[in-house]
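> Dropping a prediction and its sequence here:
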Amino acid sequence: MKPIAELFFLLFFTLWVHKILAAPSEIADLIPIACDHTLHKALCIQNLENDPEGLEAVDVHGLATVAVKQAAINATHIRDHITKLDEDTSDDVVHQCLSDCFQNYEDAMDKLDDCLNALGKKGYEDVITWVTAAMNDALTCDAGFKNQGRESLLANLRILFDQLCSIALGLTNQLKH
């Protein structure tokens, strides 16, 4: 082999090895770097690093998808909790509030499902609109209790839901640019 050809081969091989060795590090840093642009950085990192899909994500788009799924799962848990609370109450006002909340969280879950479809089509503006609407559905639930002069039985659960939605928004906003 000619010296110049050997030099190019060696250079190519060195760059190839560097790319292979550097890639896992870049992916490992993806979650903290992406979460740094969210309002709830620690929760974002914790949730994504504890989710197998989060660990497998290779870009912010993948992380945003996981975050929307986590918010949807949380909404499902809240809806199931509403059912349990409703079974345990004999108060007609609370029953009506819980019935409304059940529908609010069903609507939120539908919107988050729509977000997953929009993410698949890179419709990031739609994702932002629907995540925000899902958050408003949860707020409407709490407002229903307040309008009846009652304290919401779901306010603490809504806080986590809002945080998960906020993380999804923060990640999706990074994709718009």
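On my side now, so go ahead. Worth saying up front: this structure is predicted, and the values here are computed from it rather than measured.
> Give the buried residues for the helix or strand hosting Q70.
In this assignment (DSSP states H and E), Q70 forms part of helix 60-87. By 16 or more other C-beta atoms under 10 Å, the buried positions in helix 60-87 come out as 60-72, 74-75, 78-79, 81-82, 85-86. Bear in mind the C-beta positions are built from the backbone N, C-alpha and C, glycine included.
> can you check stretch 34-51 too?
Result for stretch 34-51 [16+ other C-beta under 10 Å]: buried residues A34, C35, T38, H40, L43, C44, I45, N47, L48, D51.
> pLDDT weak spots in this protein?
For the chain, applying pLDDT under 70 flags the ranges 1-28, 177.
> Tell me the spacing between A168 and L48.
The gap separating A168 from L48 is 11 Å, by C-beta to C-beta, to the nearest Å.
> Which neighbours do these two have in common?
Common neighbours of A168 and L48 are listed as A67 (criterion: C-beta atoms under 8 Å, 6 or more residues apart in numbering).
> on that earlier part again, now for the helix holding Q70, which elements pack on it?
helix 3-35, helix 41-49, helix 52-56, helix 92-120, helix 124-147, helix 155-175 (3 or more C-beta pairs under 8 Å, 6 or more residues apart in numbering; DSSP states H and E).
> to the chain's geometric centre, what's the distance from stretch 148-161?
Centre-to-centre, stretch 148-161 and its host chain are 20 Å apart (C-alpha atoms, centre = their mean, to the nearest Å).
> So what touches it?
Outside stretch 148-161, the residues that touch it by C-beta under 8 Å, 6+ apart are 71, 74-75, 77-78, 81-82, 85, 93-94, 96-98, 101, 108, 135, 138-139, 141-142, 144-146.
> for stretch 34-45, same thing?
31-32, 48, 60, 63, 67, 163-164, 166-167, 169-171, 173-174.
> gap between the two ends of that stretch?
With C-alpha to C-alpha, to the nearest Å as the measure, stretch 34-45 spans 9 Å from end to end.
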